[in-house]
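Student: quick one, what's the 3D model for this:
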Amino acid sequence: MYVSLGENVWVGAFTFIGGNPSAHVQIGNNVDIAPKVTIITGTHQLGTPQQRAGLGETRGVIINDGVWIGAGSLILPGVSIGGGSVIAAGSVVNRDVPENVLVAGVPARVIKDLPES
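Tutor: As a prediction, this is how the structure comes out:
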């Protein structure tokens, strides 16, 4: 697995970044990742009734500049988090997050827009 970290990145204790060895996780500058965050890059296609976990897939994750990810959040494969956004603690991010928003929940959804300056 290839993980690239920008400048001034803080990663909390017990954070897990894992998945397929060919995956790429890109973390921008000035990113704060709280403790117990999980970032996953591997998933499966839906298989048959005899074996539901079908063919494996790899999907990278992009966390842009200035993002804050709250404790215990889960970032799923293929997600891009827009710059300046905040992921509330305990959220499950299963789709792209726009820039400068607060998202929360399971699954995460936009709660409000954040100031851009």
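
Student: please make it C-alpha for all contacts and neighbour counts, starting now.
Tutor: Fine.

Student: can you count the residues close to residue 25?
Tutor: 24 (other Cα atoms under 10 Å).

Student: per-residue pLDDT, the residue lying farthest from the centre of the chain?
Tutor: Most distant from the centre of the chain: residue 50, at 30.8 Å, with distances by Cα atoms, centre = their mean. Residue 50 carries a pLDDT value of 86.

Student: got the phi and psi for it?
Tutor: phi -80, psi -30 (degrees, to the nearest 10).

Student: before we move on, what about residue 103?
Tutor: Per degrees, to the nearest 10, the backbone of residue 103 is at phi -120, psi 150.

Student: re earlier: what's the residue farthest from the centre of the chain in contact with, if anything?
Tutor: Taking Cα atoms under 8 Å, 6 or more residues apart in numbering, we find residue 50 in contact with no residue.

Student: ok, now how distant is the residue positioned nearest the centre of the chain from residue 9?
Tutor: Centre of the chain computed as the mean C-alpha position; nearest residue by Cα atoms, centre = their mean is residue 75, 3.1 Å away. In this view, residue 75 and residue 9 are 17 Å apart by Cα to Cα, to the nearest Å.

Student: next one: residue 57
Tutor: Distance from residue 57 to residue 9, by Cα to Cα: 28 Å.

Student: and if you look at residue 110?
Tutor: 24 Å.
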